[in-house]
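Student: Here is my input; please provide its structure:
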Amino acid sequence: MDTQEASLKLLHSERTKKAIKPLTDSHSDLTVDQAYHTQLKTIRQKERDGAVIVGKKIGATSKAIQDMFGVDKPDYGHLLDDMMFVEGETISIGQFIQPKAEFEIAFMLKKDLDKENITTFDVIEATDFIVPAIEVIDSRIEDWKIKFEDTVADNGSSAAAIIGTKPTQIEELDLIHLGMVAYKNGELLDSATGATVLGNPLRSVAWLANSLRKYNVSLKAGEIILSGALTSAVAIAANDTFTADFAHLGSISASFE
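Tutor: Okay, the predicted model is just below:
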């Protein structure tokens, strides 16, 4: 498996908006480790082109998604400055191939998380505040026919993030039982609690910090961390508006054109 070649294929797909065949179709022996190295090559190329890493996203945090992929752990991707939107902006779906929306909790870090064996208590101590967020996921793989290795190589299928503007301190919150109700164009879509995110969103961020060490990557103060989706991803079409009401955190909306 040539990870550089795979990275170039994914970059070309993203730039031309033409999805490609699954990498695992032509490389059935593609490993998760090779997939993360492919992702890193893509991110390094984007940095050379001027993009700046502003955070990370965690994916496959629910048991249902892990069962679908046949894995027992999440995956992650990088957030770059040109992927970020603030609540209230209208987002063009023309920049994506086959976008979907996910509703998440975003952690804003005030301290680095770069030691061994990071715990949920370390995550609490390193968190400045949390806000509601919507992640736009998009696959550069045709028709979302992805295996776990495909989405890892494809930056965790991440494409954009809309970040809420109301910060909330984390210390007094019970994130496991924190409820969320999502709407699409004003109609009820789904509901969930924080427990759907790896049992506890704090555990999800701790997993990320510990997993990144293998690739000499760490979480830095000032970074935004998307902890994982509370509900299933929903396809986005032009003129859609999504809203998520989080207990104690407030609401976030995103409109697409």
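Student: Please count neighbours and contacts with C-alpha atoms only from this point.
Tutor: Will do.
Student: Report how many residues lie close to residue 24.
Tutor: 17 (other Cα atoms under 10 Å).
Student: Could I get the full set of helices for the protein?
Tutor: 3-16, 23-26, 32-48, 63-69, 120-126, 148-153, 201-212 (DSSP state H).
Student: Including mean pLDDT and distance to residue 186, could these go into a markdown table?
Tutor: Shown next, in a markdown table, are those (pLDDT from 0 to 100; distance: least, Cα to Cα, whole Å):
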| stretch | mean pLDDT | distance to residue 186 |
| --- | --- | --- |
| helix 3-16 | 96 | 31 |
| helix 23-26 | 94 | 38 |
| helix 32-48 | 97 | 36 |
| helix 63-69 | 81 | 26 |
| helix 120-126 | 97 | 34 |
| helix 148-153 | 96 | 31 |
| helix 201-212 | 96 | 27 |
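Student: Among those helices, which comes closest to residue 56?
Tutor: helix 201-212 (8.7 Å; Cα to Cα).
Student: Which of the helices of the chain sits closest to residue 133?
Tutor: helix 201-212 (13.3 Å).
Student: Of the helices of the chain, which is nearest residue 81?
Tutor: Comparing the helices of the chain by Cα to Cα, helix 32-48 comes nearest, at 10.2 Å.
Student: Which residues belonging to that closest one are considered buried?
Tutor: Using 16 or more other Cα atoms under 10 Å as the burial criterion, the residues of helix 32-48 that qualify are 32, 34, 35, 36, 37, 38, 39, 40, 41, 42, 43.
Student: Please tell me how far the closest residue to the first one other than its chain neighbours sits from residue 60.
Tutor: In space, not counting the residues next to it along the chain, residue 32 is nearest to residue 149; the distance is 5.4 Å by Cα to Cα, 6 or more residues apart in numbering. In this view, residue 149 and residue 60 are 12 Å apart by Cα to Cα, to the nearest Å.
Student: ok so, going back, of all the helices of the chain, which lies closest to residue 238?
Tutor: helix 3-16 (19.1 Å).
Student: what residues does that closest one touch?
Tutor: 19-20, 23, 34-35, 37-39, 41-42, 96-97, 140, 153-154 (Cα atoms under 8 Å, 6 or more residues apart in numbering).
Student: farthest-separated two in the residues you listed?
Tutor: Applying Cα to Cα across the contacts of helix 3-16, the maximum distance is between 34 and 96, 25.1 Å.
Student: Show the pLDDT at the closest residue to residue 109 other than its chain neighbours.
Tutor: Distance criterion Cα to Cα, 6+ apart; nearest residue to residue 109, sequence neighbours excluded, is residue 127 at 4.4 Å. Listed pLDDT for residue 127 reads 98.
Student: Against residue 171, how distant is residue 127?
Tutor: Taking Cα to Cα, one finds residue 127 at 9 Å from residue 171.
Student: Residue 130 now?
Tutor: Using Cα to Cα, residue 130 is found at 10 Å from residue 171.
Student: ditto for residue 29
Tutor: Taking Cα to Cα, one finds residue 29 at 44 Å from residue 171.
Student: can I get the buried residues of helix 32-48 in CSV with distance to residue 227?
Tutor: Converted to CSV, these look like this (distance: Cα to Cα, whole Å):
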residue, distance to residue 227
32, 20
34, 23
35, 21
36, 18
37, 22
38, 22
39, 19
40, 20
41, 23
42, 22
43, 20
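Student: So in this protein, where's the weakest helix or strand by average pLDDT?
Tutor: Lowest by mean pLDDT, DSSP states H and E among the helices and strands of the chain is helix 63-69, with a mean of 81.
Student: Hmm, residue 199 and residue 176 touching each other?
Tutor: Yes. At 6.8 Å, residue 176 counts as touching residue 199 under the criterion of Cα atoms under 8 Å.
Student: Can you give me every residue that contacts residue 126?
Tutor: 109, 110, 111, 112, 113, 221.
Student: For the third one, list the residues it contacts.
Tutor: With contact set as Cα under 8 Å, 6+ apart, residue 111 has these partners: 125, 126, 127, 220, 221, 222.
Student: The fifth one now?
Tutor: For residue 113, the contacting residues are 122, 123, 126, 209, 218, 219, 220, 221, taking Cα under 8 Å, 6+ apart as the criterion.
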